[in-house]
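Q: Turn this into a structure:
(2 chains)
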Amino acid sequence: MTVFLSQIMNGIQNGVIYASLGLAIVLIFRTTGILNFAQGEMALFSTYVTWELTRLGLPVWLAIIVSMTLAFIGGALIERIVIRPFEQSSPLVLVIVTIGLFLAFNALAQLFFGVEAKALPRAYPDRNWLLGGVSLRSDTLVLIAVLAVECLLLWALLQRTKVGLALRAVASNADSARLLGVSAATMLMLGWGLAAALGCLAGALVVPTTSGLTAGSMQGILVFAFAGVALGGFDSPIGAVVGGLIIGIADALTRQYVPALAGIEIIVPFGLILVVLLLRPQGLFGHVKVERV
Amino acid sequence: MSLLEVRTLRAGYGPVEVLRGIDFHVDEGEVVVILGANGSGKTTTLRALSGMVETSGEVEFDGNPIAGARPEHVARAGVAHVPQGRGTVTDLTVEENLRLGAYTRRDKEVGADLERWYAMFPRLAERRQQQAGGMSGGEQQMLAIARAMMARPRLVLLDEPSLGLAPIITQGLFRTLGEMNRDLGTSMLVVEQNATLALAIASRGYVLETGEIVVEGTAADLAGNDDVRKAYLGI
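A: This is a model prediction of the structure:
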């Protein structure tokens, strides 16, 4: 039982990591209609910036805030400079552009910051409690708390503010939104900026819990984050969280209990996605597009 | 001075010129109709006014030049555009669509206006929490008009409001448009193929043919013009 609970705990720990990045993916999708494959590498780059700022002597929490601000500006500029020229192109072209961004940010991170692993300190004390033989880390608690606050703020922004309404309107029908006085250009930049800032926060909180910051840090996480988002529904913040947790837990339990799949544990979460998407193509919490003409 | 004054308006898509220099105006409180066959440039005229296509020429709204301005700027100046196909934001609810209509407003009376348009279109009130994309064509057209009015515009551009609707629905719609113009004094520029209904609420009209205005006059003049009768009234 203790082993089982410990594995559940491990799964949750990983799951909240996937969910943090998944939330950024959902945010861009909800506000711009684009699946950003570069989300992980943008987070990677901004986490390097966080690291650089701590090296310059900033306290970690301040470094995170400053790098999130820079990520916001950077994300908005990427939309303006890289994505905007392809605005009228097919979704396939945009996917390829974001894959290009993925490669570019990975290469730039290595170019500017080198290839050796960097140690990014935690912004909070590293504690470990034993509850009935199951270990509970402060990492898990902080990630859960941050994720909960993020979800709440995101929900409030999208569902309860005028800006959120405009963001969703532009994603759904940009021409109509513009005819009603919404500056689509501003909203797209805002969506990218917010997602980049969320990605930065995810990176800066996740990296200290791993063996160090390298150019490959976010790639495994991105795959699982995408899996979680596919499972939960691309347009649902709650879906990203639940999907991420399910993937994390399924993965952890497979590692523990299905030795036959050692090395290919990844098959289980992805098998799960296949089944869910066959039965519910919009994902667990996604919305079906209803349209009559 | 006219509310909307248009001189030598040209517009097109890339090398294809659709509007070849047209002049027209809409006075304060007027309903003006532009009649024309498919492909004559009616939709392009409205899209040119809203900055949705490449344009040249002069467009003055309330004395300010708006030719070539971006759609969002034209909207903020007080021009509401009900596009062809109704422009429903399908992923939002009916109420969210209406609130989006009031996006440019900063006053506190948005809630009161919502109730006013719900009273005018009870179907929308029944469906306020529904996704707008799931409604019938007639309901979406009501939504598009109510949403345009939520901006408290001085001029409404209507692009073939009758398109794809049953005749009985279309008649009701034009009656409503006539009432809105009479009660609120909102100026309207309507482009239509359904000349009978449009001329019934209009004070003046223009006939557009391959990007040029070929006839203009009062609604009564146009309704009595033989060419117009043959081409657009089916008489």
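
Q: do you know how far A:L157 is from B:N64?
A: Distance, A:L157 to B:N64, using Cβ to Cβ, to the nearest Å: 34 Å. For every residue, glycine as well, the C-beta is placed using N, CA and C.

Q: Between these two, point out the one with more neighbours.
A: Between A:L157 and B:N64, counted using other Cβ atoms under 10 Å in any protein chain shown, A:L157 has the larger neighbour count: 16 against 10.

Q: Now do the same for the more buried one: its pLDDT.
A: Reported pLDDT at A:L157 in the predicted model: 93.

Q: pretty sure it is touching A:L165, no?
A: No. Taking contact to mean Cβ atoms under 8 Å, the distance of 10.0 Å between A:L157 and A:L165 leaves them out of contact.

Q: per-residue confidence for B:N38?
A: We note a pLDDT of 87 for B:N38 in this prediction.

Q: low-scoring stretches of chain B, by residue?
A: Per-residue confidence for chain B (pLDDT under 70) gives these ranges: B:233-235.

Q: Apart from its chain neighbours, what residue comes closest to the residue nearest the centre of chain B?
A: Nearest to the mean C-alpha position of chain B, by Cα atoms, centre = their mean, lies B:L158 at 1.5 Å. For B:L158, ignoring the flanking residues on the chain, the nearest one in space by Cβ to Cβ, 6 or more residues apart in numbering or on different chains is B:V190 at 4.5 Å.

Q: just B:R86 next, same as before
A: Spatially, and ignoring its direct neighbours in sequence, B:R86 is nearest to B:A144 (4.2 Å; Cβ to Cβ, 6+ apart).

Q: B:A69 and B:A48 touch, don't they?
A: No. In this structure B:A69 lies outside contact range of B:A48 using Cβ under 8 Å: 11.0 Å.

Q: These two: which is more packed in?
A: Of the pair B:A69 and B:A48, B:A48 is the one with more neighbours under other Cβ under 10 Å, namely 26 against 20.

Q: for the longest helix belonging to chain B, packing partners?
A: In chain B, assigned by DSSP state H, the helix with the most residues is helix B:167-184. For helix B:167-184, the contact count by 3 or more Cβ pairs under 8 Å, 6 or more residues apart in numbering or on different chains; DSSP states H and E identifies strand B:31-36, helix B:137-150, strand B:187-192, helix B:195-201 as packing neighbours.

Q: could you dump the ones you listed to TSV with mean neighbour count?
A: As requested, those are arranged in TSV below (neighbours: other Cβ atoms under 10 Å in any protein chain shown):
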stretch	mean neighbour count
strand B:31-36	25
helix B:137-150	24
strand B:187-192	25
helix B:195-201	21
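
Q: Would you reformat the ones you listed as CSV and include distance to B:G101?
A: As requested, the helices and strands packed on helix B:167-184 are arranged in CSV below (distance: least, Cβ to Cβ, whole Å):
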stretch, distance to B:G101
strand B:31-36, 20
helix B:137-150, 3
strand B:187-192, 16
helix B:195-201, 22
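
Q: Neighbours of whichever residue of the stretch 1-150 of chain A sits closest to chain B, how many?
A: With Cβ to the nearest Cβ, the shortest gap between the stretch 1-150 of chain A and chain B falls at A:R30, namely 9.4 Å. For A:R30, the tally of surrounding residues (other Cβ under 10 Å) stands at 22.

Q: Hmm, the residue nearest to B:L158 is touching B:A202, no?
A: Yes. With contact taken as Cβ under 8 Å, B:V190 and B:A202 are classed as touching, separated by 6.9 Å.

Q: okay, and the common contacts of the two?
A: In terms of Cβ atoms under 8 Å, 6 or more residues apart in numbering or on different chains, B:V190 and B:A202 are both contacted by the residues B:31-33.

Q: quick check, nearest of those residues to B:R128?
A: Out of those, the one with the shortest distance to B:R128 is B:V31. That distance is 28.7 Å, counting by Cβ to Cβ.

Q: ok, the closest one - contacts?
A: With contacts taken as Cβ under 8 Å, 6+ apart, B:V31 has the following neighbours: B:177-178, B:181, B:187-188, B:190, B:201-203.

Q: okay, now the domains of chain B?
A: Using automatic domain parsing, the domain parsing of chain B gives B:4-78+B:153-233, B:88-151.

Q: Using TSV, lay out the ones you listed together with distance to A:E150.
A: Shown next, in TSV, are those (distance: least, Cβ to Cβ, whole Å):
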stretch	distance to A:E150
domain B:4-78+B:153-233	30
domain B:88-151	22
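
Q: mind checking which of those domains is nearest A:R137?
A: Of all the domains of chain B, the one in closest proximity to A:R137, counting by Cβ to Cβ, is domain B:88-151 (39.3 Å).

Q: distance between the ends of that closest one?
A: 15 Å (Cα to Cα, to the nearest Å).

Q: Next, B:Y206: phi, psi?
A: Its backbone dihedrals place B:Y206 at phi -130, psi 150, with angles given as degrees, to the nearest 10.

Q: Would you mind confirming that it is in contact with B:G41?
A: No. With the criterion set as Cβ under 8 Å, B:Y206 and B:G41 do not qualify as a contacting pair; they are 11.0 Å apart.

Q: out of the two, which sits in the busier spot?
A: Comparing B:Y206 with B:G41 by other Cβ under 10 Å, the one with more neighbours is B:G41, at 27 against 23.

Q: so that one sits right up against B:V207, yeah?
A: No. Counting by Cβ under 8 Å, no contact exists between B:G41 and B:V207, whose distance comes to 11.2 Å.

Q: where are the low-confidence patches of chain A?
A: Counting by pLDDT under 70, chain A shows low-confidence ranges at A:289-293.

Q: Which stretches in it count as strands?
A: A:128-131, A:134-137 (DSSP state E).

Q: Could you pull out the buried residues of the last one?
A: Looking back up the chat, that one is strand A:134-137. Buried residues in strand A:134-137, counting neighbours by 16 or more other Cβ atoms under 10 Å in any protein chain shown, are found at A:134, A:136-137.

Q: That one packs against which elements?
A: With contacts defined as 3+ Cβ pairs under 8 Å, 6+ apart, strand A:134-137 has these neighbours: helix A:2-32, strand A:128-131.

Q: what does the shortest one contact?
A: By that I understand strand A:128-131. A:135-138.

Q: again, only this time at 10 Å
A: Contacts of strand A:128-131 with the rest of the structure, by Cβ atoms under 10 Å, 6 or more residues apart in numbering or on different chains, involve A:5, A:9, A:135-141.

Q: show me where the stretch 101-250 of chain A has helices.
A: Counting by DSSP state H, counting those that start in this stretch, residue ranges of the helices within the stretch 101-250 of chain A are A:138-160, A:162-172, A:174-179, A:184-206, A:219-232, A:237-257.

Q: Would you mind listing what in chain A touches chain B?
A: Of all the residues in chain A, those in contact range of chain B (Cβ under 10 Å from any Cβ of the partner chain) are A:30, A:159, A:162-166, A:168-186, A:235, A:287-293.
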